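Participant: with the input below, show me the fold.
(2 chains)
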Amino acid sequence: MLLFYLSMVDAADDKALLERLYLDYRVLMKRIAYKILGDDALAEDAVHNAFLRIISNLEKFYDKSCQETEGLIVIIIRSASIDMYRKRRRELENSDISDISDIQVPANTDFSVVEAKDILKAVEALPENYRNALLLKVEYAFTDREIGAMLGISTSAASKRLERARKLMQAWLYDEVM
Amino acid sequence: MKSISNSALKEAVHIYLEKELEKLKAEVDTVEFSPEFEKRMSRIIKHGRRQSIFRLNTSAKRAVAVAAVFTVLVSVMLSVGAIRQPIIKMLTRDFEDHIEIEVKGDTTEFISEIYSPTYIPEGFAATDELINTSMVSRSYENSQGEAFSFIQISTANNPMIAIDNEHSRHYSLTRDGYELYIADFELDNIKHAYWSENGYIFHLEFYYKIDDDSVMRIVKSNAITGYQAWE
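Facilitator: Numbering: from 1, shown residues only, chains lettered A, B, ... in the order given. I've put the predicted structure just below:
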């Protein structure tokens, strides 16, 4: 029977990896989803959706340390839960995108001198969707296309989120630190 | 303007992730999973393929603003006892990246009549089943590694099903009083068929290439094979 199941997947390793991810992280995933959605059944649906994203991007989970895997899982389940929350509210994909056209930072501002501890605060202040894109870019070195696939959005939406994340961080740092 | 230093940003992001993970691990609470969820996950892990399907909440009530595309089913006066079967309408609504199917009408409080397809394609055998008052699920497989599942869903609390429409072809199939809503993920060799009958939603999911006639044959064989009382 085992051989039969293995024949169902593209690679036996994929199935083993998927099983391990499910068993190791489902509790953490549901806990995160429940916090965002506040509903048991919805939280399970979010975990289900997150796993579909994981299946679509399974190659990204090979050769990752435990901590890297955990970080990726957290980003994906948060993103899936937020998507579900947004869909329940019947909002369009871009409706959560902040208007950054009025963000004004003087052209001669030097952000290169800002220390990591202050940047950390700016990262914490970011809206979740932007932060998820930024984390995938900086910590995991994903391309915009890979970020889009992982978060279930288009490549251009991923690029926009990254651009906005950086601008929002600069605005926050200018206001709070500079 | 000079940008944020890459090394400082990397350090900050790394610290952020570490802090987040520590915080999440420190939280201790009981997390339980429903049998329906376990079943769903077992299925996707078994098949391990991109399924492109997501099912939204099946327990929360929703306000339904509907653009009806798909309605149906059987409002038959049964000859024996002349019992009127509950009528359910399945309603679809198009979104940018998915289609939602919701139900309206004579919803059932729980699954009292247990259904099952009485026609199973040659070579397939039942592998497992789950039966409770909100869901009946049966899986079938053959020796070539082809598989399909039959699912009966209670319509209590207005269940809603959402289906990815970016990677699939969607259409309705009407025949002999049955109307099926079909989502065909041709590239993945996955096909889903939904219909309503006697106050329940039914769902067939195939993990192999199957033509519509064969799907319809299974649908038409759907019959009550048991009864259960409220748990």
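Participant: measure residue B:8 to residue A:19 for me?
Facilitator: From residue B:8 over to residue A:19 the distance is 39 Å, taken as C-beta to C-beta, to the nearest Å. Every C-beta, even on glycine, is put in place using the N, C-alpha and C of the backbone.
Participant: neighbour count winner among those two?
Facilitator: A count of neighbours by other C-beta atoms under 10 Å in any protein chain shown puts residue B:8 above the other of residue B:8 and residue A:19, at 19 against 15.
Participant: okay, now the residue nearest to that one when sequence neighbours are not counted: neighbour count?
Facilitator: Nearest non-adjacent residue to residue B:8, counting by C-beta to C-beta, 6 or more residues apart in numbering or on different chains: residue A:116, 4.5 Å away. Using other C-beta under 10 Å, residue A:116 has 19 neighbouring residues.
Participant: go ahead and confirm residue A:116 touches residue B:6.
Facilitator: No. At 11.1 Å, residue A:116 does not count as touching residue B:6 under the criterion of C-beta atoms under 8 Å.
Participant: where does the chain dip in pLDDT?
Facilitator: Chain wasn't specified; assuming chain A. Within chain A, the stretches with pLDDT under 70 are A:1-12, A:87-103.
Participant: that's the other chain; I wanted chain B
Facilitator: B:28-29, B:46-85, B:95-97, B:157-158, B:231.
Participant: and the helices in it?
Facilitator: Here chain B has its helices, by DSSP state H, at B:6-26, B:35-47, B:212-220.
Participant: centre of the chain to the longest one, how far?
Facilitator: Averaged C-alpha coordinates place helix B:6-26 at 37 Å from its chain's average position (C-alpha atoms, centre = their mean, to the nearest Å).
Participant: could you pull out the buried residues of that helix?
Facilitator: The neighbour-count check on helix B:6-26 (16 or more other C-beta atoms under 10 Å in any protein chain shown) flags B:8, B:9, B:11, B:12, B:13, B:14, B:16, B:17, B:20, B:21 as buried.
Participant: now distance to residue B:161 too, for the helices of chain B, in JSON lines please.
Facilitator: JSON lines is the format used below for those (distance: least, C-beta to C-beta, whole Å):
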{"stretch": "helix B:6-26", "distance to residue B:161": "30"}
{"stretch": "helix B:35-47", "distance to residue B:161": "12"}
{"stretch": "helix B:212-220", "distance to residue B:161": "17"}
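Participant: and residue B:131, what does it touch?
Facilitator: When contacts are counted by C-beta atoms under 8 Å, 6 or more residues apart in numbering or on different chains, residue B:131 is found next to B:114, B:137, B:228.
Participant: separation between it and chain A?
Facilitator: Applying C-beta to the nearest C-beta, to the nearest Å, the value for residue B:131 to chain A is 19 Å.
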